[in-house]
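Participant: Kindly return the folded structure for what I paste below:
(chains A, B, C and D)
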Amino acid sequence: MIDAYLIPAVNGLAYGLLLFTVAAGLTLIFGVADVLNLAHGTVYVAGGYVAVSVSDGTWAGLGLGVLAGAAAGLVSGAVLWAALTPLSGRGHLTQALLTFGIALAGGALLEKAFGADELRPVLPAALDGSVDLAGHRFPTYRLLFIAVAAVLAVAGWLVITRTRVGARVRAVVDDRDMVAALGVDPRVVLAAVLAVGGALAGVAGALGAPILGPGPSTAPQTLLLSLIVVVVGGLGSIGGAFLAAIAVGQVQSLGVVLLPSVSPYLLFAAMAVALLVRGWRGRGVTA
Amino acid sequence: MRTRVRTLVAVTTAALVGVTATACTGGDEGGSGDVTIGFVASLSGTYQTVGEDMRDGFQLYLDTHGGKFGGRTVDLRVADEGDGPATATPAAERLVQQDEVDALAGIVGGGSYAAIAALAQENELPLVGANGRPDLPDNSWLWHTSYISDEPGIAIAPYVKDNVDGPVYAIGPDYQGGHDELRGFVDTYTQLGGVLANPDGETKWTPFPQTTDFLPYLNEIAMTGAKAVYCFYAGKAAVDFVKQYAQSDAADIPLYGAFLTEGAVLAAQGDAAEGIRNVLNYSPDLDNPANRTFVAEWSAKFPRQPTTFAMASYDAAAVLDRAIATIPEDQEVTSAAINDAISGLGVIDSPRGTWQFNPTTHSPIQRWYLRQVAKDGEMLSNMLIEDLATVGN
Amino acid sequence: MGKPVLELRGTGRAYGALKAVDDVDLTVHAGARHALIGPNGAGKSTLLHLAAGNLRPTAGRVLLAGRDVTRHGPARRARLGVGRTFQTPALIGSADCLTNVALAAWPAQTFRARWLRRDHAPHLARLDALGLADDAATPAAALSHGRRRLLELAVALAASPRLLLLDEPAAGLTDDDVGLLLTALGTIGAEVAVLLVEHHQELVRAFAGTVTVLHQGAVVTTGTPAEVAADPRVREIYQGALGAA
Amino acid sequence: MIPTRLRTPLGIAAAVVAVAALLLLPTVADNYTLITVSRVAGLGLLAASTALMTGVAGLPTLGQIAPYAVGAYTAAHLAHLALPGLVQLLGAAAAAAVFSLATGAAVVQTRGVICLMVTLAIGELTAITAGQWTSLTGGTDGMPRVPATPALPGGENLVKVPDVYTYTVVAALAVLAVTMLVLRSPAGTLIRGCRDNEARMRASGHRVSLTLLWTFTGAGAIAGAGGALLVSSQRTVSPSNVGFEVAALVLLAVVIGGAASIPGALAGVAAVVAVRDTIAPKLPGEAPLLLGVLFIAAVYLLPGGLSGVAARLGLHNGEAGA
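Facilitator: Residues are numbered from 1 along each chain as shown, chains lettered A, B, ... in the order given. This next block holds a predicted model:
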């Protein structure tokens, strides 16, 4: 019986790690810069498109794709920075209006540039198949992705917990007023965080293209999933986002096998329950 | 001072938007041609590529026939269906109320079709649909050149029953179109004595459109011991399903489908699609004069292969052309006249082979084909394997 | 000495291992002018939150006029006669001063009085008593900090509480404003017991009849200002804050 | 008890002119314009409901689409029973209010982005249910042919476009008038109080959660009425009318309008619909780009939203501190 759940569980892990690499940037942007960035899914897709267009079936093409994705993410971050800087102090809803507008317009422009087709990268032959996993076939690329994303996650965790920058990030997430106390220009903080968050999304788009590939509906879907991860994970918490992403991955993968009759409802029901339970537990103060 | 300037800019912009809107609503009623046709298709959203194929097919017919239907100059009005009835309804209402079209054509989605069909019936306008659609009770003004959603499954089921030695697993997207497509196959297949491999004997539904990850389902399919899989997917889901199928435990199980590899998705599916057998009412390599002309005309204009979407829209234009041609020259081309003329059309010569409207369902009685994805030189293509049944009676 | 209005019995509030308030027994009597003092981090504000219901105690009980209100939230305690102010004045910024006072009086009123918009007179009188009559139609958000403090006092008094909890009412005020505040506090009726947390020594000396000293979450002593000032333990842990009092 | 300062004589005059213009529109405008405006009527109530929660009560929401859906499907079923438009409107509002009361207890415990996501979940779950519960809703294709009914018992069936227009616009104006009267009453002050300073309201003895729950219920009723008008104007309803896209568009339209202003929300929806249904069709396929540009332009050109512009033009005094 366990055998039936092995592949969905491993697959859910791959999917969850993919969501984490996307959502990490989003949660960082929210936690540190207090920006609700609804264009994040579009940055992911931009990374995917450029990675697909440089992919040629070689390992160099794959590596180049990741670099190009990161570059696309950085550029997107710069655009967002330029757009958001004049808006300081106008609240989340205005940010949402602006970034959603950028997402819509940017998505339309990406479609003009890359076409409306679903695109998938050409992978090196060694990755474009399946491997044996406890007697089952499993896509080679997804297994590699698990390893790469795990390395990324560990590296991120080390940066956040072991470095001075990481300590500052944690301090700011806990208490926004810390930005002032650090003596750093908030505009610099915004620029840095949008650049790092954008680059993360671009890299995720490049690495994730074979799994969640670029196409007309990919941006809203990616945005929605990563918003769920960020909010359930606790708005700004990298560790929380990691756990939430893994959970969402398993809900989407193991969930449809375990509870097929309610599979359409699973994701949003799970999110609502998670948020409400956390809300009730966190209500020590009723000021 | 700055605020005041900004206010002025804002108010001016708003006023301009208003003026433009008014100008647009008031400007161009009536149309410049002898006959005004409204064409609705998804030019944005999930099924944009399908919608563009349809628009291009319709336009191609018009362009290669001197911009005229039955000798009358055509004023074509194209509207964006978007992702469903929420955007399709206003688009169609604009064509009906403002452009005062004489007939409607196109429409990608079943839900959009149902909503626009009601509009057409109410305003007594002929609607020549060119893609999948639900079966509706009253269709006096409704026609279409593609097929009813359950027909591909009906056409391929006997072939699957005869050629697969053992149970078949049925899986499809959880929306009305998916249900219709799968029902056609499952009902026919089980009536012929076939047994589904699905553990509960019911078709497996995957949440639509959010499912991008089919591996958990594919893993499950492999465990049932199915000897073949039958599915219907289009667009993004078709790409993900086929790519993941080839890398899953199910990879060795023969895959049959409706639509699965039609159109732009095939390029994204890549080698993973090779060998998939699928049923359709058209294949670009069909050998008949109408198709040779169509493929030549299409290839001269577009770098991609023609699809059934393009073909059905091309035929929708042909239907309107031939119907209007039967209206005497001294008689005005009205909606009612077009509708009457369509009902009087006999056999239509089409790139798909000849077909005719079923007098009650108003949908084609046509031949269906089995195709298989194979390499045509460097490019993947759906190659004709054999004729299946004639369906639609 | 009147009957007890507020009683904390063995009340404590812990955050994990940290005990912000630990096993406090405190009684505020009817009509009392009771000050709560102590060095920063002594747990004064936490204690006030425990009394008002903004925080739930992790140990012990809270009684209002003999009734156990430990599990009651702030709104319910307010309806039982607790009024309070906050360190940062809590007001309805978009509403004018009169509306702020009227809204605060609302829960104590009948449905007819609320809905039919009758009788602004008592609210205007309350604003007038604190020198805010001219600002009756000014939105609260547009007031100066000092006037916001005064308005919050009017708001806290609007529902005729029997216990008033004031959290550092003099914080951020100019000397002139402190004078105004002291005058305002003087107008509070004898039927209202006041418990205030304050650093401002002159205000405490001028206003309080009873002083409780809190240190590291625990009560050190309670007495008259003079008694407390004379206590060597207080002098030791709380150097200078009471000064010559 | 509350001195009303939200309206200026100029603003009242503007409102009167706007209402008169709406009522006289059928004498000058073509059918497509009338249909478009009557579609704004249904969406406008959804926007008013969203503005009530987001701007007035301070709970940002993507979920008013859920009671809107409940109202729309209820109205469609009542129409199938040949009940008149007014009964559909009231029935839809009642069903949506009950729905909101049932879901509201959880929603009013949340704030900010959490509230946005919880309401998103409620909206999505409702839309999924609309697609799944085929026997009740017609499934993903929806209920394509809702019969025409009279507005009032014994009246003529609403088929002709000007009749449909008049009914939907008058009904929407009536609902909006009631909403704005309530918001200008002490109840409105109470709701704004909970938004501005919850701690103060609790410290003064107000039951904040209860107030928000009643607000949520009322907002649900307004959205439900909007759903009924959607069915009256386009005579179909399907999950795509009640999905995330519509919820997001309406929330953004409300933000364009200035978030806390009901007339602003209506103007915002009118702007979005004008772009989507009137200008975009001239450039098929470009609707997303045009909407995106509209949103971006609104952020920079209208810092206070459309209601901020109105305030600067002297149409109203704005809402201090909001």
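
Participant: Every contact and neighbour count from this point should use C-alpha atoms.
Facilitator: Noted.

Participant: which ones are touching residue B:61?
Facilitator: For residue B:61, the contact set (C-alpha atoms under 8 Å, 6 or more residues apart in numbering or on different chains) comprises B:314, B:317-318.

Participant: Tell me the secondary structure of it, please.
Facilitator: Of the three states, residue B:61 takes helix under DSSP: H, G, I helix; E, B strand; the rest coil.

Participant: With the one 4 residues further on instead?
Facilitator: Secondary structure for residue B:65, judged by three-state DSSP, is coil.

Participant: Go through stretch B:69-84 and flag the buried ones.
Facilitator: Of all the residues in stretch B:69-84, those buried under the rule 16 or more other C-alpha atoms under 10 Å in any protein chain shown are B:69-70, B:72-84.

Participant: Correction: the previous question concerned stretch B:235-255.
Facilitator: By neighbour count with 16+ other C-alpha under 10 Å, stretch B:235-255 contains the buried residues B:235-251, B:253-255.

Participant: on that earlier part again, which of the contacts of residue B:61 fall within helices?
Facilitator: B:314, B:317-318 (DSSP state H).

Participant: Make JSON lines out of these and add pLDDT.
Facilitator: Shown next, in JSON lines, are these (pLDDT from 0 to 100):
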{"residue": "B:314", "pLDDT": "97"}
{"residue": "B:317", "pLDDT": "97"}
{"residue": "B:318", "pLDDT": "96"}
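
Participant: Kindly indicate which of the residues you listed lies nearest residue D:187.
Facilitator: residue B:317 (60.4 Å; C-alpha to C-alpha).

Participant: That closest one: neighbouring residues, count only.
Facilitator: Residues within reach of residue B:317, counting by other C-alpha atoms under 10 Å in any protein chain shown, total 25.

Participant: Quick check, pLDDT for the nearest residue to it once chain neighbours are set aside.
Facilitator: Of all residues not flanking residue B:317 in the chain, residue B:58 sits nearest, at 5.7 Å (C-alpha to C-alpha, 6 or more residues apart in numbering or on different chains). pLDDT recorded at residue B:58 is 97.

Participant: if we can go back for a sec, also within reach of chain A: list those from the buried residues of stretch B:69-84.
Facilitator: Among the buried residues of stretch B:69-84, none lies close to chain A by the criterion of C-alpha under 8 Å from any C-alpha of the partner chain.

Participant: and the residue nearest to residue B:317, which of the three is it?
Facilitator: helix.

Participant: coming back round to it: could I get the ones in helices among the contacts of residue B:61 in JSON lines, plus columns for distance to residue A:67?
Facilitator: Formatted as JSON lines, these follow (distance: C-alpha to C-alpha, whole Å):
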{"residue": "B:314", "distance to residue A:67": "44"}
{"residue": "B:317", "distance to residue A:67": "48"}
{"residue": "B:318", "distance to residue A:67": "50"}
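
Participant: Which single one of those is nearest to residue D:131?
Facilitator: Closest approach to residue D:131 among the ones in helices among the contacts of residue B:61 (C-alpha to C-alpha): residue B:314, at 32.4 Å.

Participant: Name the residues of chain C found near chain A, please.
Facilitator: Counting by C-alpha under 8 Å from any C-alpha, the residues of chain C lying close to chain A are C:54-56, C:73-74.

Participant: what do you get if the cut-off is 10 Å, keeping everything else the same?
Facilitator: Residues of chain C found near chain A (C-alpha under 10 Å from any C-alpha of the partner chain) are C:49, C:52-57, C:73-75.

Participant: which two from those residues end up farthest apart in space?
Facilitator: Across the residues of chain C next to chain A, the longest distance by C-alpha to C-alpha is 16.3 Å; it joins C:57 and C:75.

Participant: Backbone dihedrals for the closest residue to residue D:100 other than its chain neighbours, please?
Facilitator: Distance criterion C-alpha to C-alpha, 6+ apart; nearest residue to residue D:100, sequence neighbours excluded, is residue D:217 at 5.0 Å. Torsion angles at residue D:217 (phi, psi; degrees, to the nearest 10) stand at phi -60, psi -50.

Participant: quick one: buried residues of the host helix or strand of residue A:15?
Facilitator: Per DSSP states H and E, residue A:15 falls inside helix A:2-33. Buried residues in helix A:2-33, counting neighbours by 16+ other C-alpha under 10 Å, are found at A:4-33.

Participant: Tell me the spacing between residue C:64 and residue D:257.
Facilitator: According to C-alpha to C-alpha, to the nearest Å, residue C:64 and residue D:257 sit 47 Å apart.

Participant: Those two: who's more crowded?
Facilitator: With neighbours defined as other C-alpha under 10 Å, residue C:64 and residue D:257 compare such that residue D:257 has more, 30 against 22.

Participant: okay, now the residue nearest to that one when sequence neighbours are not counted: neighbour count?
Facilitator: Nearest non-adjacent residue to residue D:257, counting by C-alpha to C-alpha, 6+ apart: residue D:264, 3.9 Å away. Close neighbours of residue D:264, defined as other C-alpha under 10 Å, add up to 26.

Participant: can you pull the contacts of residue D:264?
Facilitator: Contacts for residue D:264 (C-alpha atoms under 10 Å, 6 or more residues apart in numbering or on different chains) come out as D:47-48, D:51, D:253-258, D:270, D:305-310.

Participant: One more: residue C:225?
Facilitator: Taking C-alpha under 10 Å, 6+ apart, we find residue C:225 in contact with C:34-35, C:204-206, C:208-212, C:242, C:245.

Participant: how does it look with 8 Å?
Facilitator: Residue C:225 neighbours (C-alpha under 8 Å, 6+ apart): C:205, C:208-211, C:245.

Participant: Show me which of those are buried.
Facilitator: Neighbour-count burial (16+ other C-alpha under 10 Å) applied to the contacts of residue C:225 gives C:205, C:208, C:210-211, C:245.

Participant: Name the residues of chain B found near chain A, please.
Facilitator: Near chain A, when you scan chain B using C-alpha under 8 Å from any C-alpha, you find B:45-46, B:48-49, B:206-207, B:210, B:212-213, B:215-217, B:219-220, B:223, B:235-236, B:239, B:244, B:246-249, B:264-265, B:268-269.

Participant: per-residue confidence at the nearest residue to residue B:211 once chain neighbours are set aside?
Facilitator: Excluding the flanking residues, the one nearest residue B:211 by C-alpha to C-alpha, 6+ apart is residue B:237, at 7.3 Å. Looking at residue B:237, its pLDDT reads 92.

Participant: ok, the closest residue to chain C within the stretch 151-300 of chain D - how many residues close by?
Facilitator: Per C-alpha to the nearest C-alpha, residue D:205 is where the stretch 151-300 of chain D lies closest to chain C, at 4.0 Å. Residues lying near residue D:205 (other C-alpha under 10 Å) number 27.
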